[in-house]
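Chemist: Need the 3D shape of this:
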Amino acid sequence: MSSLHILSGGAAQGLVNQLRGAIYNETGRAVEGSFGAVGIMRDKLLAGEPCDVVILTQALIADLTTKGHVQPGSATPLGVVKTGVAVKSGEPQPKVDTPETLKAALLAAKGIYFPDPVKATAGIHFMNVLKQLGIDQQVAGALRPYPNGAAAMKAMAEASGAGLIGCTQVTEILYTPGVQLISLLPKAFELATVYTAAIAAKAEQPQAARMMIDLMAAPSAAELRRAGGFE
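Modeler: As a prediction, the model looks like this:
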């Protein structure tokens, strides 16, 4: 039995991992694929990488549907994911709930971990936050960008030294051992992204793909979605 192939933004990785057993029981197929910055996942789909289920931002799924890369009518929203600030587990938690306190915390940080500032939703947004705060040049030496939020949080968890701070989608913070969410971004800088699952136009197993998406979006998985940072 061949696997179900998935291309997904990193925000959904924890949810998919929690449901792997249920997906296998329901479809008889294991889930294989890639998680990462949504722009990179879109590019993989466009390059022809095998894909049954694609999970990206609502805007990207809508665009891919219009252009014929996603089956019309297959898109199913999984929930809203916000962007938050993290520190290593057990480290002091600076105040970051206002623009002023966030600015002070970032200026004081020895390292700032975040996802790809070109291809990742949260990374693009975070760079804009730094510019709006007027500190993008001042903190340039402390910036530690990674291909996606999960990689950024894992690197921060494993890094030695104190005074590190990270910013990415809350789903990627909550599912990474060794880091803890301290706050959402201040209201003025809030980023709330709707993540949507859909069936790829060239899916080899569209029926199993539909079953997987229905499992992820089901009322029975609501608590898993909430625990993982989906609203």
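Chemist: Could you give the number of residues near residue 13?
Modeler: A count of nearby residues for residue 13, using other Cβ atoms under 10 Å, gives 23. C-beta coordinates here come from the backbone N, C-alpha and C atoms, glycine included.
Chemist: do residue 186 as well
Modeler: Per other Cβ under 10 Å, the neighbour tally for residue 186 reads 17.
Chemist: so it touches residue 95, yeah?
Modeler: No. Judged on Cβ atoms under 8 Å, residue 186 makes no contact with residue 95 at a distance of 10.2 Å.
Chemist: Find residues that contact each of the two.
Modeler: residue 101 (Cβ atoms under 8 Å, 6 or more residues apart in numbering).
Chemist: So the nearest residue to residue 51 once chain neighbours are set aside versus residue 98, what's the distance?
Modeler: The shortest distance from residue 51 to any residue that is not its chain neighbour, by Cβ to Cβ, 6 or more residues apart in numbering, is 4.2 Å, and that residue is residue 200. As defined by Cβ to Cβ, to the nearest Å, residue 200 lies at a distance of 42 Å from residue 98.
Chemist: quick one: which of the two has more around it?
Modeler: When neighbours are counted by other Cβ under 10 Å, residue 200 comes out ahead of the other of residue 200 and residue 98, with 23 against 13.
Chemist: How far away from the center of its chain is the host helix or strand of residue 155?
Modeler: Taking DSSP states H and E as the definition, residue 155 sits inside helix 149-158. Its chain's average C-alpha position is 13 Å from that of helix 149-158, according to Cα atoms, centre = their mean, to the nearest Å.
Chemist: Give me the contact list for it.
Modeler: Residues outside helix 149-158 that contact it (Cβ under 8 Å, 6+ apart): 10-11, 13, 35, 86, 88-89, 111, 113-115, 120, 122-123, 144-146, 164, 166, 168-169, 172-173, 175-179.
Chemist: and for the lengthiest helix in the chain, what are the contacting residues?
Modeler: With secondary structure taken from DSSP state H, the chain has its longest helix at helix 13-27. By Cβ under 8 Å, 6+ apart, the surrounding residues in contact with helix 13-27 are 4, 6, 8, 29-31, 35, 55, 78, 150, 171-172, 174-175, 205, 208, 211-212, 215-216, 221, 224-225, 228-230.
Chemist: circling back to that earlier point, just the ones of the contacts of helix 149-158 in helices?
Modeler: Counting by DSSP H, those place 13, 122, 123, 172, 173 in helices.
Chemist: Tell me how this structure divides into domains.
Modeler: In the domain annotation for the chain, the residue ranges read 4-79+194-227, 81-189 (automatic domain parsing).
Chemist: Can you add mean pLDDT and give the ones you listed back as JSON lines?
Modeler: Conversion of those to JSON lines gives the following (pLDDT from 0 to 100):
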{"stretch": "domain 4-79+194-227", "mean pLDDT": "95"}
{"stretch": "domain 81-189", "mean pLDDT": "96"}
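Chemist: which residues touch the residue nearest in space to the middle of the chain?
Modeler: Nearest to the geometric centre of the chain sits residue 11, at 2.4 Å (Cα atoms, centre = their mean). By Cβ under 8 Å, 6+ apart, the contact list for residue 11 reads 81, 149, 169, 171, 172, 193, 195, 229.
Chemist: Now which of the residues you listed would you call buried?
Modeler: Among the contacts of residue 11, those scoring as buried are 81, 149, 169, 171, 172, 193, 195, 229 (criterion: 16 or more other Cβ atoms under 10 Å).
Chemist: ok, the third one touching residue 84?
Modeler: Yes. Taking Cβ under 8 Å as the contact criterion, residue 169 and residue 84 are neighbours in contact, 7.4 Å apart.
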